[in-house]
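Chemist: Okay, predicted coordinates and the sequence, questions at the end:
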Amino acid sequence: MRLLAFSLVLAAVAAVLAATLSTVHADDAQFLNISGLRVAANKPVSIVRLTNASPNAADVFYVHYTVHDAATGVAVSRPGAGDGAQLRPGRTLELNLGAVITQYRLANDVTSTYSGAVQFTAYGEGGVFKAFNSGVIHVEVEQHEGGAIHDGAVQWLSQ
């Protein structure tokens with residue numbers, strides 16, 4: 001009888017903690033938007049790096065991203081990146097946007113290459129102690145044009 005009572009109390013505490021943590025994440029989670037990028041087919045001229053800086057081992061994020069044509073807004077990569085790329089604390093996800101677009105086009109039997117201005121959007125699911133946002137995810141953008149390297153315009157938006 002005591003074991004049953006203890007189990008019920010433990011289940012109630014777990015439910016309260018889960019509701020509290022999910023509420024915090026809903027308020028803190030942000031979308032990442034990067035503009036000012038250009039791709040040239042499969043060449044590594046537009047690189048995005050996302051680093052999970054959380055000190056908590058349980059803050060693993062599943063990053064969903066899409067590359068859009070900057071002029072039309074049409075997705076030129078797989079929307080949401082499928083199940084998401086896993087990003088563990090202390091790790092970096094590096095994306096060559098040209099290669100991401102090329103892989104998507106080839107998977108859909110499109111043999112022509114894509115070059116032009118693009119916009120990158122991402123969000124993350126998961127994380128136990130922290131939400132996917134500018135305080136946890138460090139963003140590095142490299143836009144290569146000739147011999148010069150430029151930054152893209154990084155913007156965090158509330159969900």
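Modeler: Good, I have the coordinates.
Chemist: now stretch 133-141: how far from the chain's centre is it?
Modeler: Chain-centre distance of stretch 133-141: 10 Å, with Cα atoms, centre = their mean, to the nearest Å.
Chemist: what's the span of that stretch, first residue to last?
Modeler: 16 Å (Cα to Cα, to the nearest Å).
Chemist: For that stretch, which residues meet the burial criterion?
Modeler: 133, 136-137, 139, 141 (16 or more other Cβ atoms under 10 Å). All C-beta spots, glycine's among them, are computed from the backbone N, C-alpha and C.
Chemist: name the element Q119 belongs to?
Modeler: Assigned by DSSP states H and E, Q119 falls within strand 115-126.
Chemist: Per-residue pLDDT of the closest residue to L97 other than its chain neighbours, please?
Modeler: Spatial nearest neighbour of L97, excluding adjacent residues (Cβ to Cβ, 6 or more residues apart in numbering): S46 at 4.3 Å. What the model reports for S46 is a pLDDT of 93.
Chemist: what does S35 give?
Modeler: Value for S35, per-residue pLDDT: 94.
Chemist: Next: A85.
Modeler: Reported pLDDT at A85 in the predicted model: 87.
Chemist: cool, G152 as well?
Modeler: 85.
Chemist: again, but for L10
Modeler: pLDDT at L10 comes out at 45.
Chemist: neighbours around F61, how many?
Modeler: The tally of other residues near F61 (other Cβ atoms under 10 Å) stands at 27.
Chemist: what sits against it?
Modeler: By Cβ atoms under 8 Å, 6 or more residues apart in numbering, the residues touching F61 are 52, 84, 86-87, 124-127, 132, 137.
Chemist: Of the residues you listed, select the buried ones using a PyMOL command.
Modeler: Typed into PyMOL, the next command selects the buried ones out of the contacts of F61 (criterion: 16+ other Cβ under 10 Å):
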select buried, resi 52+84+87+124+126+127+132+137
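Chemist: Mind putting the contacts of F61 into JSON lines with distance to Y62?
Modeler: Output for those, formatted as JSON lines (distance: Cβ to Cβ, whole Å):
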{"residue": "N52", "distance to Y62": "11"}
{"residue": "G84", "distance to Y62": "3"}
{"residue": "Q86", "distance to Y62": "6"}
{"residue": "L87", "distance to Y62": "8"}
{"residue": "G124", "distance to Y62": "6"}
{"residue": "E125", "distance to Y62": "5"}
{"residue": "G126", "distance to Y62": "5"}
{"residue": "G127", "distance to Y62": "9"}
{"residue": "F132", "distance to Y62": "9"}
{"residue": "I137", "distance to Y62": "13"}
